[in-house]
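Undergrad: Provided below are the primary sequence and the corresponding predicted coordinates.
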Amino acid sequence: MTDFHEAAKGGLTSAQLEEVLRQVGAERYHNRHPFHHQMTAGALTKGQMQAWALNRYCYQAVIPRKDATIIARAEDPAFRAEWRKRVEDHDGDDGWNGGIAKWLKLATGLGLHAEMVKGERFALPATRFAVGAYLSFCASRSLLEAVASSLTELFSPVIIGERVPAILAKYDYVTRDTLAYFEKRPEQASRDSNFALAYVLSHADTPERQQAAIDALVFKCDVLWAMLDALMHAYGEPGHIPPGAFQPEAR
Ligand SMILES: O=C(O)c1cc(C(=O)O)c2c(n1)C(=O)C(=O)c1cc(C(=O)O)[nH]c1-2
């Protein structure tokens, strides 16, 4: 395991910075988490799949809000024009015909009620804290750090490519239609992360700024990791579901 704490000491070339950022993903992205491995092995119960979808809804719902925060902080109109595509992807043109609606469809396809998912009250406390930390990070840190924190999307096509075929093969109650959310994501994520990576490589022009960008990506990997840790703790065996959180009926 690399300690990325001083990875930019002495300064990196742009190619070296990209290499470090990709190394962060290789070591810390949530496709290395045991909950993801259980999912792709077909080992999760329906209740655990539901808990994943319900909790992950909170993440989906916050993404366009954090992107709107980033837009509000950007002074360059060309940057804003590019970044607003992200908000459009998630909100659609009326709020309910984009990615958030598709995630809701995924959750209802697994047997959950839409209103319960949308209300977010049954999500785990740790999910809400992790998602809130991501939103406030993007509101309070530098624009460079906020952009760098989105770079987990460099790696999301990989996890989606692992997840979708495995779910379709191993969970007979899940249909392709239920997983429609993921159809466009790899393409959108590549477009978005290429732009974000180019921004980070050109704006991280001192060792301090390079380190800040690396730390931001480490932070974001921690957000995603903490969400899966919380799911495993609550819904794994023996299970420690916090008071008030979703109680699966399905086994
Ligand atoms: O399926 C996944 O595991 C996964 C991961 C991530 C990510 O790496 O943050 C995103 C998404 N999906 C996703 O669908 C998405 O829209 C998204 C936006 C962002 C972001 O930080 O701006 N990450 C992600």
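TA: Nice, I can see it. Nothing here was measured: the structure is a model prediction, and the numbers come from that model.

Undergrad: Show the contacting residues for the one residue in the stretch 1-150 of the chain that gets nearest to the ligand.
TA: Residue nearest to the ligand within the stretch 1-150 of the chain (C-beta to the nearest ligand atom): residue 150, separated by 4.1 Å. C-betas here are computed from N, CA, C, even on glycine. Residue 150 makes contacts with 192-193, 196, 220, as judged by C-beta atoms under 8 Å, 6 or more residues apart in numbering.

Undergrad: quick one: contacts for the residue of the stretch 101-250 of the chain found nearest the ligand?
TA: Nearest to the ligand, among the residues of the stretch 101-250 of the chain, is residue 152, at 3.2 Å (C-beta to the nearest ligand atom). Counting by C-beta under 8 Å, 6+ apart, residue 152 touches 25, 29, 217, 220-221, 224.

Undergrad: my read: residue 10 touches residue 206, true?
TA: No. Applying C-beta atoms under 8 Å, one finds residue 10 not in contact with residue 206, separated by 11.4 Å.

Undergrad: Between the two, which has more neighbouring residues?
TA: residue 206 (11 against 6; other C-beta atoms under 10 Å).

Undergrad: and the residue nearest to that one when sequence neighbours are not counted, how many neighbours does it have?
TA: Once flanking residues are discounted, residue 206 sits nearest to residue 11: 7.5 Å by C-beta to C-beta, 6 or more residues apart in numbering. Counted by other C-beta under 10 Å, the residues lying close to residue 11 total 13.

Undergrad: got a list of what residue 11 touches?
TA: 206-207, 210.

Undergrad: Most neighbours among the contacts of residue 150, which one?
TA: That'd be residue 220 among these, by other C-beta under 10 Å, with 25 neighbours.

Undergrad: Next, the buried residues of stretch 179-193.
TA: Buried positions in stretch 179-193, judged by neighbour count with 16 or more other C-beta atoms under 10 Å: 179, 181-182, 185-186, 188-189, 192-193.

Undergrad: One more: stretch 18-37?
TA: 18, 20-21, 24-25, 28-31, 33, 35-36.

Undergrad: Do stretch 196-215 and the ligand come into contact?
TA: No. Stretch 196-215 is not in contact with the ligand by C-beta under 6 Å from any ligand atom; minimum separation 8.4 Å.

Undergrad: ditto for stretch 115-132
TA: No. If you take C-beta under 6 Å from any ligand atom as the test, stretch 115-132 misses the ligand, and the best it gets is 10.8 Å.

Undergrad: in that stretch, what counts as buried?
TA: For stretch 115-132, by 16+ other C-beta under 10 Å, it's 117, 120, 123-124, 126-128, 130-131.

Undergrad: How far does that stretch stretch from one end to the other?
TA: Counting by C-alpha to C-alpha, to the nearest Å, you get 21 Å between the two ends of stretch 115-132.

Undergrad: Stretch 134-152 now?
TA: 12 Å.

Undergrad: So what's the residue count around residue 16?
TA: Neighbour tally, residue 16, other C-beta under 10 Å: 13.

Undergrad: and if you look at residue 62?
TA: Residue 62, neighbours per other C-beta under 10 Å, totals 20.
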